[in-house]
Structure formats: C-alpha cells, structure tokens
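Asker: Return a 3D structure for these sequence lines:
(chains A, B and C)
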Amino acid sequence: MPASAATQLIDKLQPATRLLAHYDANARALPWRRPPGSPPPDPYVVWLSEVMLQQTTVATVKPRFRRFIQRWPTIEGLAAAEDEAILSEWAGLGYYARARNLIACAREVVRRGGFPQTESELRSLPGLGEYTAAAIAAIAFGEQATVIDTNVARVIARYHGIDRPLVEARADIRVLAEGMTPPDRAGDYAQAMMDLGATICRPKQPDCPNCPLSSECQAWATGSPERFPAPKVKAARPHRHGLAWWIERDGAVWLVRRPAKGLLGGMAALPGPEWGEESPPQPAAATISHGFTHFTLDLHIVSKAEPLAEGWWQPIDRMNEAGLPTLYAKAVQAMLSRKEALAA
DNA sequence: TAGTCGTGGTT
DNA sequence: TAACCAAGACT
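Answerer: Below you'll find the model as predicted:
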C-alpha cells in the first residue's frame, strides 16, 4: 500500500477510533450493553429494544423492556401471544403501530426460522425501517452498516459544517456518515455515535470541550456549534374536541376496542363518536386535555346508562389490566377522582 | 414528500 | 407555560 493511501486510511479511521475509545470509557448502560469483547447480543433483544426506542427515550424504555422480556423471554413466545396481550403490554408507550408491527414481525421471523442477518433482508420486516434494520445488522450481526438516527445526523451535520435543515441535507449526511463508518466493531461504533449525540453533541448546549471529535469539527470551529443543523419548521397543532361515554354498572365500566388502524389503532378505549373541531353541547362530567403529535385534544366525558357498540365490562378495581393508552387512562382517572370527591 | 402517529421529560 | 425533543416507520 502506498504511503499516501495508508495515511488516508488512518485519517479516515482516526475519528472513529477516538470515538470508540471515548465510548469504552463513558458508555451509558443500555439493555443489551455488554463488556467489550463479549459475544454479540441476542437479535431478539436488540430488535425489541430498537423498536421500543423509536422516538422514545431510554429512560422510558428501560422498565417497559424489562417487563416484555420477563413475560416473553423468546421471540417464539412473543409470536404465540394474543394480540390483545401484547397491545396491553405496550399501552402507554405510544406510537401503537410499532406494537402492531412488532406482532407481525415476530410471527414472520418465527415463520422464517429466525432473524435474517443482513441489513437489506432485515429491512423487509414489518416496522424495520432504514434506521432499525441498520442498527440490528450492526449491533446483533456485526455488519458494517451505517446507522443514522437523529443523534447521528446531528453529529455528522456539525462535524462537516452542514447548516441546512436535516430534511434537505439527508442524502449528503448519508454519504458522509458512510465515509466515517469503520469496518470493525460496527455495533459499538453505531452506539458510540448515538451516545455522543445524546450526551455531548446535544441539540442545545453541546459539551464540545469534552467531545472526542471536536478537533476537526467544523461547527465547533465557527464558535456557534448549536446553530448546526438548522431547525426544522413545524406546523402549528390544531385543537380538537372529543366525546367519550362513561357507562358504569356494578363496579365495572364498558370498554371497546378501537379500529385496528389509525390513531390508537387496536387499543382499548372508552366508547364514543369520532372527534371533531367543535366542543360537544352536552355538559361533561369531566374534561381532560391531551397532546398528540399533530393536534391537541379536549376529551369530554359524559355518563350514559346503556352499553353501546361491541365491548366488555372492565371491573374498576382491575382497570390497570385493561391496557388503556394514556388518553383514556387519564379520562378514567378523572372520572374516578370526581366520584371520590362527590362521595366525600 | 409531507402528513400521520403518543407520550413524558427538559428547557 | 409552551416549545422542544426523543436509538422512526409508513403512506
């Protein structure tokens, strides 16, 4: 190898090497985190963790992940479980399409006799997009896949001085990220990049003096690294109103299951009509406010005598087993608090 | 490609 | 308080 080529290779690997050294010394504890040199983690564990971690913080995921693994230690067990059991276990975690895809993916993997081991094949499984397929390929199978989440995109944008919004710079960031990905320790490198973005190269107030990449970072060189990349413009959230029926009899409340697709798809719920723009005319026994990603909601709860729609009686003292998403858990809590106040 | 899809913590 | 943000996927 010519000396110049060798020098170029070292230059290319240098940031990754420094990043890995920093990671070895500072890594946060993650569900599948193991000491350096350990055998690769169980693909089932990596897959479940990564799906849970989509748009969800590590702190939120940790206890939920433990419950899932305890209840379903293997993917065969998960694939054999009832849909409702899995959706209930997911209740409160949000983005319920993930749980529906989790079910479909588990059954497909079992049908195939195990996880595919390449990024491109993983990509074909339900719920595994660009990020998650690459993460599993790198972490569970050691493939030199380039893993890009919002953390990595921000790190790359700053390192290379890209100040356009991420949506515009997406293709450039991928090329640059692929150029930095080292051939070895694929999983550790992927986690090191994400960890750097989460703990040092933060969106606001990045801790550049402690960053192992600061010496060549173009954003740091400008003196205002937090300006990279440009913030994305987001639309204002409209406000909606909804109505939910409180139908109580003999210490139980009538619950229904929402349609399989769409908002809160497949989840347990209080019955009620579709939500709209106008506040319903009935006087509500309680009203709760809830924020979704793209709108806010006032849910008005009104008492009603007779059950309607297909559903079941859920005993109030076992309401925590109903698998209610947070919106309806808040509604139930509001009604029970009100009842307690009236009784006092 | 831009909209849909949750929730809770941080600032 | 309101905005911002999180190990994104899907249509």
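Asker: contacting residues for A:Asn151?
Answerer: A:193-198, A:201 (C-beta atoms under 8 Å, 6 or more residues apart in numbering). Just so you know, the C-beta spots here come from the backbone N, C-alpha and C atoms, and that holds for glycine as well.
Asker: again, 6 Å this time
Answerer: Neighbour list for A:Asn151: A:194, A:197-198 [criterion: C-beta atoms under 6 Å, 6 or more residues apart in numbering].
Asker: Ranking by neighbours, what's the top pick from the residues you listed?
Answerer: A:Met194 (24 neighbours; other C-beta atoms under 10 Å).
Asker: and it, what element?
Answerer: Following DSSP states H and E, one finds A:Met194 within helix A:186-199.
Asker: Figure out how far that helix is from the centre of its chain.
Answerer: Counting by C-alpha atoms, centre = their mean, to the nearest Å, helix A:186-199 is centred 16 Å from the centre of its parent chain.
Asker: same check, this time on stretch A:254-274
Answerer: 22 Å.
Asker: can you check stretch A:169-189 too?
Answerer: 21 Å.
Asker: quick one: is that stretch near DNA strand C?
Answerer: No: judged by C-beta under 7 Å from any atom of the strand, stretch A:169-189 stays clear of DNA strand C, getting no closer than 10.0 Å.
Asker: Give me the contacts around that stretch.
Answerer: For stretch A:169-189, with C-beta under 6 Å, 6+ apart as the criterion, the contacting residues are A:13, A:16, A:138-139, A:142-144, A:146, A:148, A:153, A:156, A:160, A:162.
Asker: ok, these vs A:Arg34, which is closest?
Answerer: Proximity of those to A:Arg34, judged by C-beta to C-beta, is greatest for A:Ile139, which lies at 10.5 Å.
Asker: Quick check: the gap between that closest one and DNA strand B.
Answerer: 21 Å (C-beta to the nearest atom of the strand, to the nearest Å).
Asker: Just give me the neighbour total for that residue.
Answerer: 27.
Asker: Surely it and A:Trp47 touch.
Answerer: No: with contacts counted by C-beta atoms under 6 Å, A:Ile139 stays clear of A:Trp47, the gap being 9.6 Å.
Asker: Would you point out which residue of chain A is nearest DNA strand C?
Answerer: A:Gly129 (2.5 Å; C-beta to the nearest atom of the strand).
Asker: Assign the closest residue to DNA strand B within the stretch 1-150 of chain A to helix, strand or coil.
Answerer: Nearest to DNA strand B, among the residues of the stretch 1-150 of chain A, is A:Gly94, at 2.6 Å (C-beta to the nearest atom of the strand). Three-state assignment for A:Gly94 (DSSP: H, G, I helix; E, B strand; the rest coil): coil.
Asker: Could you list the residues of the stretch 151-300 of chain A in contact with DNA strand C?
Answerer: A:151, A:154, A:191, A:194-195, A:197-198, A:203-204, A:231-232, A:234, A:293.
Asker: can you put those in TSV and add distance to DNA strand B?
Answerer: Formatted as TSV, these follow (distance: C-beta to the nearest atom of the strand, whole Å):
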residue	distance to DNA strand B
A:Asn151	14
A:Arg154	15
A:Gln191	20
A:Met194	16
A:Asp195	17
A:Gly197	15
A:Ala198	12
A:Pro203	9
A:Lys204	6
A:Pro231	14
A:Lys232	10
A:Lys234	8
A:Thr293	4
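Asker: Next, give me the two most distant ones among these.
Answerer: A:Gln191 and A:Lys234 (28.6 Å).
Asker: Please list the residues of chain A that sit near DNA strand B.
Answerer: A:55-57, A:59-60, A:92-97, A:167, A:204, A:235, A:262-265, A:290-294, A:325-327.
Asker: All the helices of the stretch 101-250 of chain A, residue numbers only.
Answerer: A:119-122, A:130-141, A:150-159, A:166-180, A:186-199, A:218-222 (DSSP state H, counting those that start in this stretch).
Asker: and the third one, average pLDDT?
Answerer: Read it as helix A:150-159. For helix A:150-159, the mean pLDDT works out to 97.
Asker: before we move on, what about the fifth one?
Answerer: The average of the pLDDT scores along helix A:186-199 is 94.
Asker: Return it as PDB; C-alpha atoms alone will do.
Answerer: C-alpha atoms of helix A:186-199 as PDB (Å, rounded to 0.1, in the frame of the first residue of the first chain):
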ATOM      1  CA  ALA A 186     -19.900  -2.000  13.900                       C
ATOM      2  CA  GLY A 187     -22.300  -2.200  16.700                       C
ATOM      3  CA  ASP A 188     -20.200  -0.400  19.200                       C
ATOM      4  CA  TYR A 189     -19.400   2.400  16.700                       C
ATOM      5  CA  ALA A 190     -23.200   2.800  16.000                       C
ATOM      6  CA  GLN A 191     -24.000   3.100  19.600                       C
ATOM      7  CA  ALA A 192     -21.000   5.300  20.200                       C
ATOM      8  CA  MET A 193     -22.200   7.800  17.600                       C
ATOM      9  CA  MET A 194     -25.800   7.800  19.100                       C
ATOM     10  CA  ASP A 195     -24.400   8.100  22.600                       C
ATOM     11  CA  LEU A 196     -22.200  11.000  21.600                       C
ATOM     12  CA  GLY A 197     -25.300  12.800  20.200                       C
ATOM     13  CA  ALA A 198     -27.300  12.100  23.300                       C
ATOM     14  CA  THR A 199     -24.800  13.100  25.900                       C
END
